[in-house]
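Visitor: Can you look at this prediction? I've put the sequence above it.
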Amino acid sequence: MKRVIGGVDMSQKALVAWAMPELGKEVLSKARVEIVPLHGPKGQLPAREELIEALKDVHVLISRAILPVPREVIMANSRLLGISNYGVGYDNIDITCATELGIPVTNTPEVLTETTADLAWALLMATARKVPQAHHFTVSGQWEGPVGETLMGMDIGPGGSNRRKVLGIIGFGRIGQTVMRRSRGFKMKVVAYDPFLRETIEGMKGVEYRELDDLLRESDFVTLHCPLTDQTQHLIGRRELDLMKPTAILINTSRGPVVDEGSLVSALKKGSIKGAGLDVYEKEPRISPDLLKLDNVVLLPHIGSATKDTRVQMAVVAAKNAVTLLRGKRPAHVVNPQAFESPEYLRKLKDI
Ligand code: NAD
């Protein structure tokens, strides 16, 4: 039921299913949107049943990329005016179901591109030069003289061999291209695989197109920047890992299920690749116990976009997207624009 005060509809509610930074909340409050918070004291995500229950009484859901929003959840409220996802990836949401029900879904691209590329690059360097292993060696008091073979790393720049290293980028979108920029100072040769951007890559300077298998055979470093889709699930499995050089390093800051984690563990154990730097996992926050035991990995807890400035901006964008959805308008970053044309959506507009 509408509650109009001073010409403003006060009845619009946003379910915020994570600990949103203050600036994001301010955007909602200034727009007179009631915030319905749903998370644990440390920002823990709600259980599915709680989410379903809370969703029944709101107009928009502000979710985050690590919160599963499957069909079962979305069906709890087909009258939703939209789902605003905090994050660029939206594989956590059943987009088909949202579109069927006339529920537009938005994301927060661009604001996190540089930050995530920084993290991918940090992971690449840390894995190649065994930075966490060396830190542990130092602080645990093991440094008593020359360090020997165990902390010898891989060159990223031309190094002693004076051979330019090959960086293979899979998924040449915003983050992939931004990672390429970081490689410039290291004089790397860059190859890229992205079936949707083949012509763009072929027309660009400083990068050569490769089919996936060729990229895997040629690269010293393979870095993943594609979204998780039906086509990219286990894009890197046993066959692909076997194609990589035994000296190669795999970096994953995209989504865990893009890599078959079991096959990766086997490849790292038997030495069919040299190392891996991972920010994301197949069943995070759970990590395969075998992966945790390996010494040729660097493992991070999904912190690709985790800087204060970037997270605040992501929250502001997510909040603005939510407000625009509540006004029945089109935000800038809609992942399923077809939803706006559906009769279900047009029917909802009449009630705004
Ligand atoms: P983007 O859409 O700009 O780029 C993705 C690229 O992948 C596109 O160019 C697309 O054509 C390509 N692609 C799609 N299917 C492919 C396939 N089968 N093989 C190869 N390439 C394919 O997205 P972006 O902003 O660069 O973000 C990329 C992904 O990074 C996001 O979808 C998200 O999952 C992930 N991400 C992770 C973190 C983190 O915290 N670790 C942070 C931000 C983004």
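Guide: That came through, no problem.

Visitor: gap between residue 330 and residue 282?
Guide: 35 Å (Cβ to Cβ, to the nearest Å). Using the backbone N, CA and C atoms, a C-beta is placed for each residue, glycine as well.

Visitor: These two: which is more packed in?
Guide: Legend: neighbour count by other Cβ atoms under 10 Å for residue 330 and residue 282, higher for residue 282 (19 against 14).

Visitor: thought that one was touching residue 261?
Guide: Yes - counting by Cβ atoms under 8 Å, residue 282 does reach residue 261; the two are 4.5 Å apart.

Visitor: Common neighbours of these two, please.
Guide: Common neighbours of residue 282 and residue 261, counting by Cβ atoms under 8 Å, 6 or more residues apart in numbering, are residue 288.

Visitor: Residue 66 versus the residue in the stretch 201-350 of the chain that the ligand sits nearest to, what's the distance?
Guide: The stretch 201-350 of the chain approaches the ligand most closely through residue 304 (2.3 Å), counting by Cβ to the nearest ligand atom. Residue 304 sits 11 Å away from residue 66, going by Cβ to Cβ.

Visitor: Please identify the residues of the stretch 101-250 of the chain in proximity to the ligand?
Guide: Residues of the stretch 101-250 of the chain lying near the ligand by Cβ under 6 Å from any ligand atom: 109, 112-113, 116, 170-176, 193-197, 225-229, 231-232.

Visitor: now, which of the residues you listed lie within helices?
Guide: Counted as lying in helices by DSSP state H, out of those, are 113, 116, 174-176.

Visitor: Redo the residues you listed as CSV? Include distance to residue 138 and neighbour count.
Guide: Shown next, in CSV, are these (distance: Cβ to Cβ, whole Å; neighbours: other Cβ atoms under 10 Å):
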residue, distance to residue 138, neighbour count
113, 33, 19
116, 29, 24
174, 36, 17
175, 32, 28
176, 34, 26
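
Visitor: picking that back up, out of the residues of the stretch 101-250 of the chain next to the ligand, which are buried?
Guide: By neighbour count, with 16 or more other Cβ atoms under 10 Å, these hold 109, 112-113, 116, 170-176, 193-194, 197, 225-228, 232 as buried.

Visitor: More neighbours: residue 304 and residue 66, which one.
Guide: Neighbours were counted for residue 304 and for residue 66 using other Cβ under 10 Å; residue 304 has more, 24 against 15.

Visitor: Do I have it right that the more buried one meets residue 120?
Guide: Yes - with contact defined as Cβ under 8 Å, residue 304 reaches residue 120; the gap is 7.4 Å.

Visitor: Next, show the common contact partners of the two.
Guide: In contact with both residue 304 and residue 120: 253, 279, using Cβ under 8 Å, 6+ apart.

Visitor: So what does residue 127 have for phi and psi?
Guide: Main-chain dihedrals, residue 127, degrees, to the nearest 10: phi -70, psi -40.

Visitor: Pull the contacting residues for it.
Guide: So, once contact is read as Cβ under 8 Å, 6+ apart, residue 127 ends up touching 249, 251, 275-277, 297-298.

Visitor: Determine which two of these are furthest apart.
Guide: 251 and 297 (10.9 Å; Cβ to Cβ).

Visitor: who's more crowded, the two?
Guide: Shown here are residue 251 and residue 297; by other Cβ under 10 Å, residue 251 has more neighbours (30 against 21).

Visitor: If anything else comes up later, I'll come back, but that's it for now.
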